[in-house]
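> Structure for this input, please:
(one chain, ligands or ions: 1)
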Amino acid sequence: MASEKERATPSRKSKASKSKDSILKQKSPAEFFSENKNIAGFDNPGKSLYTTVRELVENALDSAESIAKLPVIEVTIEEISKSKFNSMIGLLDRERLDEELYGDYETEKAREKRLAKEAREQEKQAKAAAAGKKVKDSNAVKLGKGRGEALFYKVTCKDNGRGMPNDDIPNMLGRVLSGTKYGLKQTRGKFGLGAKMALIWSKMSTGLPIDIWSATRGQSFISYCRLDINIHKNVPNVHIHEKRSNEEGWHGAEIQVTIEGNWTTYRSKIINYMRQMAVITPYAQFLFRFVAATPDKNISIRFARRTNVMPPAPAETKYHPSAVDLLLIKRLIAETLKQNLLQFLQHEFTSISKFYAERLIGEMGPEFTPKMPVKSLTAQQLVRIHQLFRQAKFGEPTGECLSPAGEYNLRLGIMKELHPDMVATYQGSVQVFEGHPFLVEAGLSLGGRDVKPGLNIFRFANRIPLLFEQGGDVVTRTATKRINWNSYKINQVQDKIGVFVSIVSTKIPFKGTGKEYIGDDIKEIASAVKSAIQQCCIQLKSKIVRQQQAHDRQQRKRNLSKYIPDVSRAIYGVLMEMADGQKSKKVKYDDDADDLLKKVALHQITESTFIQKLGQHVEQVDAEMALEYATQSGMVDTAREPIYLRTLESDYKFALELHNPVCVMKLFSDF
Ligand SMILES: Nc1ncnc2c1ncn2[C@@H]1O[C@H](COP(=O)(O)OP(=O)(O)OP(=O)(O)O)[C@@H](O)[C@H]1O
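Down below sits the predicted model:
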């Protein structure tokens, strides 16, 4: 137990720890994100490789689209062997001296055990392969128990976009939370963080700087910049910044970063990401290459452009009064060029006309006037404006600033990447949550290449594919829990269903900074997603029903046709017997039958006559059923179109119908 004296005078140790606890420290944003890199999607080396590719590709697309240029994007991931990496950083390779020191060290016994296990595994796989079963990667057997060697990759992304102004490059890519996408606009990037996180990760894992080549349109030189980041100060640390010749008049950006990664574990995610990006961006051309340390593992995939129709660039918009808080009002006032309160309200927000601004000012109280200088508003007056913004009614934002992919692009993307048997698309109307306009587009496909039975969900937000955290996402939850697939004649378990939902907005309510998923808690978004999927279901249902009926008809026709030879033979046999009976005058028939039997006896009617007549009858019944169905389902109305043919001889008058199983052509003359 501590004595009275000890309690009164704390020990030196507790004094030291107390003083350490109470030291006030600041962290730069770069420091914060380097310590919490998982919140930006850099959880582990594999995920970091994926996120690096993603951030660079999304910047490249934003950049090309911002100058209305059809994007051409090349992504290369080059595997860097340990000795190549060492030579890049000027480190000599060194032989191991004390093997037992290493995590992957194995005793002779452990080695024997592992080799035996590997042999067993290989045998099992050979058997499975012989039986035609799917074979797992033979590397599945884990070697050693250490963390293993780090794997390094050089990631390069080249685009044909707007490029970066020479002097802005260091800040754009070497200062966390700096960017050009902070305005109120539908963009893929938002935080001013992604490219810098790739740089921070390269600094943490390889210590190598980032290389940038960039040229803006019409610029006579290419800026080349090599930089890293001073994490503590959050400022760029420029190694080289120079202008190089640009004889070919190139514009765009090429960014190269060397990081630790793991291609094996994230390979399918990265390729999937590129594939989904090709679905939602069919007007872009992507070339993806993986350059392995051994050339036989190289991969090169070209996602070709399928259309030149690019959605219009999203426009910058103003805030809706219900989407602002006090801080934002203060910032807008500090930035506005408008002089008085009336002009400020009318021009810095959407959905406030001059007349409405006057009414609002009248409502604020006697100390507010339309002509009062907006920069003179006191803190209390700002609170009053904010309160009124929250309580008053405003028209909804129009959503003209949004740029959805468009049903045409979505359908094209789905067709080109999945090759489904059926596809339906739908674009919802603009809706609003918390003052931000949003729009939901959906596509639904059945069947197709590389599609598993059941629901295959593809999610996009501001035209970015979302691949992680699927379970909590509003699209997944809606598709799995709120759609009654059976009622649309779709089998949720057996059919190969592709559900594509793309949400665009000036604010995507992502959960977390990793931009991985959209929560299920915003009811406006949840119900818009549900209705968009349902609209696609309705379209597919009518196609499915039509297909089913065509199939049933075909089946019926096939069944009937199958029996025609037997039936003909049987009837003919009976008639022959009857004809024989008639010859011997054993039986008497009426005139019609008499006539028929005579023809049979004279071989004017034979077995093949029945085959031919029954065949014709089945054809006719089938055509009539098809026409009847088409009339019922309204196909005739939609397909009917008058066409006018002029006769060669003007005195020729006719009125006739040409019948065909799929259409009827009625010719008449009214000259
Ligand atoms: N390929 C590129 N072409 C032109 N400008 C680029 C390119 N890549 C980055 N930039 C510029 O650098 C800025 C910072 O990019 P960064 O990836 O760090 O953030 P962001 O894209 O703005 O937002 P987010 O963190 O949400 O991705 C961008 O806003 C853009 O102005």
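> Can you give me the domain assignment for this protein?
For the chain, automatic domain parsing gives the domain ranges 29-88+149-303, 321-391, 416-545, 571-667.
> How far away from the center of its chain is the second one?
By that I understand domain 321-391. Here domain 321-391 is found 39 Å from its chain centre; the criterion is CA atoms, centre = their mean, to the nearest Å.
> thinking again about what came up before, now the domains of the chain as TSV including mean neighbour count?
C-beta here means a position set from N, CA and C on the backbone, and glycine is covered the same way. Shown next, in TSV, are the domains of the chain (neighbours: other CB atoms under 10 Å):
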stretch	mean neighbour count
domain 29-88+149-303	19
domain 321-391	15
domain 416-545	19
domain 571-667	12
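> Mean confidence (pLDDT) on stretch 370-379, please.
The pLDDT scores in stretch 370-379 average 94.
> Stretch 170-177 too?
For stretch 170-177, the per-residue pLDDT averages 94.
> got the CA coordinates for it in PDB?
Taking C-alpha atoms only, stretch 170-177 is exported to PDB below (Å, rounded to 0.1, in the frame of the first residue of the first chain):
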ATOM      1  CA  PRO A 170       3.600  19.800 -56.600                       C
ATOM      2  CA  ASN A 171       0.600  21.000 -54.600                       C
ATOM      3  CA  MET A 172      -2.000  18.800 -56.500                       C
ATOM      4  CA  LEU A 173       0.000  15.700 -55.900                       C
ATOM      5  CA  GLY A 174       2.100  16.400 -52.800                       C
ATOM      6  CA  ARG A 175      -0.200  18.100 -50.400                       C
ATOM      7  CA  VAL A 176      -3.000  16.100 -48.700                       C
ATOM      8  CA  LEU A 177      -6.500  17.600 -49.000                       C
END
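> Residue numbering should commence at 800 henceforth.
Taking 800 as the first residue, the last one we looked at is stretch 969-976.
> can you list contacts of that stretch?
By CB atoms under 8 Å, 6 or more residues apart in numbering, the surrounding residues in contact with stretch 969-976 are 827-829, 832, 963, 977-979, 990-992, 994-996, 998-999, 1009, 1011, 1024, 1026-1028, 1033-1037, 1040, 1054.
> related to what we said a few turns ago, need the domains of the chain in CSV (columns: distance to the ligand).
Converted to CSV, those look like this (distance: least, CB to the nearest ligand atom, whole Å):
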stretch, distance to the ligand
domain 828-887+948-1102, 2
domain 1120-1190, 18
domain 1215-1344, 7
domain 1370-1466, 46
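> Leaving out chain neighbours, which residue sits closest to residue 1195?
Distances taken as CB to CB, 6 or more residues apart in numbering place residue 1231 nearest to residue 1195, at 4.8 Å, with adjacent residues excluded.
> Show me what the helix or strand the one you found falls within is in contact with.
Assigned by DSSP states H and E, residue 1231 falls within strand 1230-1232. With contacts defined as CB under 8 Å, 6+ apart, strand 1230-1232 is touched by 1119, 1195-1196, 1198, 1236-1239, 1308, 1321, 1323-1324, 1327.
> Show me which of those residues is closest to residue 926.
residue 1239 (49.0 Å; CB to CB).
> who does the helix or strand containing that closest one touch, helix- and strand-wise?
Per DSSP H and E, residue 1239 falls inside strand 1235-1245. The contact analysis (3 or more CB pairs under 8 Å, 6 or more residues apart in numbering; DSSP states H and E) places strand 1235-1245 against helix 1206-1217, strand 1221-1226, strand 1230-1232, strand 1295-1304, helix 1322-1382.
> Now do it: distance to the chain's middle.
So, by CA atoms, centre = their mean, the centroid of strand 1235-1245 is 11 Å from its chain's centroid.
> quick one: strands adjacent to that strand?
Within its sheet, strand 1235-1245 is paired with strand 1221-1226 (antiparallel), strand 1230-1232 (antiparallel), strand 1295-1304 (antiparallel), according to DSSP bridges.
> the inter-axis angle of that strand versus helix 1206-1217?
40 degrees (axes from the mean of the first three to the mean of the last three CA atoms, to 10 degrees).
> quick one: strand 1235-1245 to helix 1322-1382, angle?
For strand 1235-1245 against helix 1322-1382, the angle by the same axes, to 10 degrees is 20 degrees.
> which is the next helix or strand following strand 1235-1245?
Next element after strand 1235-1245 (DSSP H and E): strand 1253-1260.
> What strands line up against that following strand, and which way round?
With DSSP bridges as the test, strand 1253-1260 pairs up with strand 1263-1265 (antiparallel), strand 1295-1304 (parallel).
> Using CSV, please lay out these together with mean pLDDT.
Converted to CSV, the strands paired with strand 1253-1260 look like this (pLDDT from 0 to 100):
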stretch, mean pLDDT
strand 1263-1265, 94
strand 1295-1304, 96
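> These: which one's closest to residue 924?
Proximity to residue 924 (CB to CB) singles out strand 1295-1304 among the strands paired with strand 1253-1260, at 27.5 Å.
> how much distance is there from that closest one to the middle of the chain?
Counting by CA atoms, centre = their mean, strand 1295-1304 is centred 7 Å from the centre of its parent chain.
> go on, stretch 1350-1368?
Offset of stretch 1350-1368 from its chain centre (CA atoms, centre = their mean): 47 Å.
> try stretch 857-864
16 Å.
> Also stretch 1348-1361?
Distance of stretch 1348-1361 from the chain centroid (CA atoms, centre = their mean) equals 40 Å.
> Touching, residue 1034 and residue 1028? I think so.
Yes - Residue 1034 lies in contact with residue 1028 (CB atoms under 8 Å); the separation is 7.4 Å.
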